[in-house]
Structure formats: C-alpha cells, structure tokens
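Enquirer: Just the structure for this:
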Amino acid sequence: QVQLVESGGGLVQAGGSLRLSCATSGSFFSINDMGWYRRAPGKQRELVARITSGGRTNYVDSVKGRFTISRDNAKNTVYLQMNSLKPEDTAVYYCNADGYSGSIYSLRSFNSWGQGTQVTVSS
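Expert: Below you'll find the predicted structure:
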C-alpha cells in the first residue's frame, strides 16, 4: 500500500507564493510519474503539473511560467513551487503517483492519491 501525504497549503494574497510537498510512504518497488492535480469549487479535477522519474515535466497552460514541479527521488517526494498566485488558483491540490509495488518477480502497478491540501488565494 502506497500512501501520499501533502503539506504546504494555506491562505495567501494574490501575487504571493506557496510551496507544496508530497511525501510517499509504504511499500513499493518503483515510482514512475508524480504529479499535482487540483479541483476548484464547481469544477472538475485538472492536471496542474507532472514529472517523470527522469525529470521531464509538463504543465497546464494556465500555470506555465509561475509554477515549478520538482522531485527528490531519494526521498520519494514531489514539490510544487507556486509563484505569482492568482485567485483562480484557489483549489484543493492533490498529489498523485504511479509505479510498481511487490517484488521483481511479482510486480503490481499502483496509482495513488493524497488526501488533498487547500490553497486559497485572496484578491
């Protein structure tokens, strides 16, 4: 079982910054992609940013140039640095990771989600 725990959310004024962290725990063989998603009130969950195990990244257009995703593979942790925050960035942010658990002789894929952390940007 792979667990993800987010931290770093909060209330910030427009133009401010926050850094989200997501720590992974539990038993797993490898982690492939890690990412951040968000769900704003009344909207569907959307991808914010993803990063591969090799460090390749992709972002939703609305955050390009403002948000930076990174990961520490030794700590199995992914981060989201959010700068120049806007009120429309207000949402619950969820961490996601996929990979394999089990042993080399019996691998099982997993796709896990964190519980979410609230980010509120005031105007």
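
Enquirer: Ignoring the adjacent residues along the chain, who's closest to T120?
Expert: Spatial nearest neighbour of T120, chain neighbours left out: L11 (4.7 Å); criterion: Cβ to Cβ, 6 or more residues apart in numbering. Placement of C-beta: from N, CA and C, glycine included.

Enquirer: List the contacts of the one you found.
Expert: T120, V121, S122 (Cβ atoms under 8 Å, 6 or more residues apart in numbering).

Enquirer: what's the helix or strand for the most centrally placed residue in the chain?
Expert: In the chain, the residue lying closest to the centroid (Cα atoms, centre = their mean) is W36, at 2.7 Å. Element membership for W36, per DSSP states H and E: strand 30-39.

Enquirer: for the record, mean pLDDT for that strand?
Expert: In this model, strand 30-39 carries a mean pLDDT of 96.

Enquirer: Please apply the same query to stretch 82-91.
Expert: Per-residue scores along stretch 82-91 average to 98.

Enquirer: Please identify the buried residues of stretch 77-86?
Expert: T77, V78, Y79, L80, M82, L85 (16 or more other Cβ atoms under 10 Å).

Enquirer: Can I get these in CSV including distance to N58?
Expert: As requested, the buried residues of stretch 77-86 are arranged in CSV below (distance: Cβ to Cβ, whole Å):
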residue, distance to N58
T77, 19
V78, 14
Y79, 16
L80, 13
M82, 16
L85, 20
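
Enquirer: Residues touching the strand holding W36, excluding its own?
Expert: Taking Cβ under 8 Å, 6+ apart as the rule, strand 30-39 contacts 20, 22, 24, 45-53, 69, 71, 73, 76, 78, 80, 89, 91-100, 116, 119.

Enquirer: For PyMOL, write the select line for the buried members of those residues.
Expert: Those of those that count as buried under 16+ other Cβ under 10 Å are selected in PyMOL with:
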select buried, resi 20+22+24+48+49+50+51+69+71+76+78+80+89+91+92+93+94+95+96+97+98+99+100+116+119
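
Enquirer: Please flag which of the contacts of strand 30-39 sit within helices.
Expert: In helices, judged by DSSP state H, none of the contacts of strand 30-39 are found.
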